[in-house]
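Novice: sequence? don't have it. structure:
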């Protein structure tokens, strides 16, 4: 898992073909629960890179992605946003999101 900041964001987008970014905050309980699920599911997808953005520390990135609610998860393929979801979801949903 990588911690994505405004300083390494462009490099991450260019380096990884498929990148899933979890926008979260330390004080957000649903974010913590979803992070555990995502980390478990991510182990089954070695070709997908999983990154996290702390919205309290990276407000500029959060605004750039128009994050209005957290947890917010976005999938980027070849530099383009292809899918996203908001909120805590069951593991099966997250698995299907990774598999798309």
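Specialist: Now that the structure is in, tell me what you want to look at. Owing to the predicted nature of the structure, the values given are computational and were not obtained by experimental measurement.
Novice: Where do the helices of this structure begin and end?
Specialist: Applying DSSP state H to the chain gives helices spanning 9-15, 29-42, 59-64, 91-99.
Novice: So which of these is the most surrounded?
Specialist: Comparing those on average neighbours per residue, with mean count of other C-beta atoms under 10 Å, the densest one is helix 29-42 at a mean of 16. All C-beta spots, glycine's among them, are computed from the backbone N, C-alpha and C.
Novice: tell me what that one is packed against?
Specialist: Other helices and strands packing on helix 29-42, by 3 or more C-beta pairs under 8 Å, 6 or more residues apart in numbering; DSSP states H and E, are strand 18-24, strand 49-54, helix 91-99.
Novice: neighbouring strands for the first one, and are they parallel or not?
Specialist: Looking at strand 18-24 with DSSP bridges, its partner strands are strand 49-54 (parallel), strand 72-77 (antiparallel).
Novice: Could you check the angle it makes with helix 91-99?
Specialist: With axes from the mean of the first three to the mean of the last three C-alpha atoms, to 10 degrees as the basis, strand 18-24 and helix 91-99 are set at 140 degrees to each other.
Novice: And strand 18-24, how far out from the chain middle?
Specialist: Distance of strand 18-24 from its chain centroid, counting by C-alpha atoms, centre = their mean, to the nearest Å, is 1 Å.
Novice: Could you do the shortest one as well?
Specialist: Taking C-alpha atoms, centre = their mean, one finds strand 49-54 lying 5 Å from the centre of the chain it belongs to.
Novice: For the nearest residue to residue 85 once chain neighbours are set aside, list each beta-bridge partner.
Specialist: Spatial nearest neighbour of residue 85, chain neighbours left out: residue 73 (5.4 Å); criterion: C-beta to C-beta, 6 or more residues apart in numbering. Going by DSSP bridges, residue 73 is paired in beta bridges with residue 22, residue 85.
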